[in-house]
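In: task: produce atomic coordinates for the following.
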Amino acid sequence: MENQAKKRWAMKYAPKVIDECVFPAKTQASLKMFVEEQYVPNMLLCGSPGTGKTTAAKLLAEACDAEVYQINASLGGVGDIRGAVSSFASSVSMFGSSKVVILDEADYLGAKAQAGLRGVIDEFQNNCSFIMTGNYQNKIIEPVRKRLARIEIGGIGNEEVDLELKEAIENRIRHICECEDVEFDEATVKRVVNQQFPNIRQIIISVEMSLKYGLDVAA
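Out: This next block holds a predicted model:
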């Protein structure tokens, strides 16, 4: 039996390539350039929950044919995370490809743990790239931030950019409705987008519940 989760719009229509992600134009252009150059720099992807930080990290690594080690930094201890990352970063890729460590929710790590990772980044940066994601970039200690290119994902508080993103999200939902043969209700979509922006994942979930199942779940 097909996994029910795959039928949910947020999963079914999740971006498969960088071009399908809904990001600010400057962010999108930078990520596309990395793909074209097959280059994954050390970076910090920051922004609100549900805006596509982890998706961007994974799609970039995939587009660059990199071997990936992904870890949720909020779930492990200092020694466990440093040991696991060091083991992966120091080993030779089985496929001869580049290597990328994705540290999700790195802002949940304490200063001591981040200081330990700073040493790992310095030690293995010649054969491994490091991508950290976090909702709160100010929780990443300065010595680590200085080693990472900071890229904003999702709404950034700029009215013009946010308006552009909202329109892009509405167009994505319009496309989903066409694919699902569900009537696109512009008023409902705009209301949900305005209430839950920039959390694209939650917006799509709420719109699906509203338009497909008749449930008003918007906050």
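
In: residue 70 and residue 203, how far apart?
Out: In this view, residue 70 and residue 203 are 25 Å apart by CB to CB, to the nearest Å. In this view, the C-beta of every residue, glycine as well, is placed from N, C-alpha and C.

In: neighbour count winner among the two?
Out: Counted by other CB atoms under 10 Å, residue 70 and residue 203 do not tie: residue 203 has more neighbours, with 26 against 14.

In: ok, how many other residues are close to the closest residue to residue 31 other than its chain neighbours?
Out: Spatial nearest neighbour of residue 31, chain neighbours left out: residue 18 (5.0 Å); criterion: CB to CB, 6 or more residues apart in numbering. Other residues lying near residue 18 total 18 when counted by other CB under 10 Å.

In: got a list of what residue 18 touches?
Out: Residues near residue 18 by CB atoms under 8 Å, 6 or more residues apart in numbering: 28, 31, 32, 35, 56, 59, 60, 63.

In: hmm, try it at 6 Å
Out: 31, 32, 35, 59 (CB atoms under 6 Å, 6 or more residues apart in numbering).

In: could you list which of those belong to helices?
Out: With helices taken from DSSP state H, the overlap with these comprises 31, 32, 35, 59.

In: tell me which two in those residues are the farthest apart.
Out: The span of the ones in helices among the contacts of residue 18, defined through CB to CB, is set by 32 and 59 at 10.9 Å.

In: one step back: got a winner among the contacts of residue 18 for most neighbours?
Out: Counting neighbours by other CB under 10 Å, residue 31 leads the contacts of residue 18 with 23 neighbours.

In: show me where the protein has strands.
Out: 43-46, 67-72, 99-104, 129-134, 149-152 (DSSP state E).

In: where does pLDDT dip in this structure?
Out: Confidence mapping of the chain against pLDDT under 70 gives the ranges 1-6, 76-78, 96, 155-156, 217-219.

In: in it, which residue is most central in space?
Out: Note on the chain: the residue nearest the mean C-alpha position is residue 53, at 1.6 Å, using CA atoms, centre = their mean.

In: isn't it up against residue 152?
Out: No. Using CB atoms under 6 Å, residue 53 makes no contact with residue 152, being 9.8 Å away.

In: between those two, what contacts are shared?
Out: residue 47.
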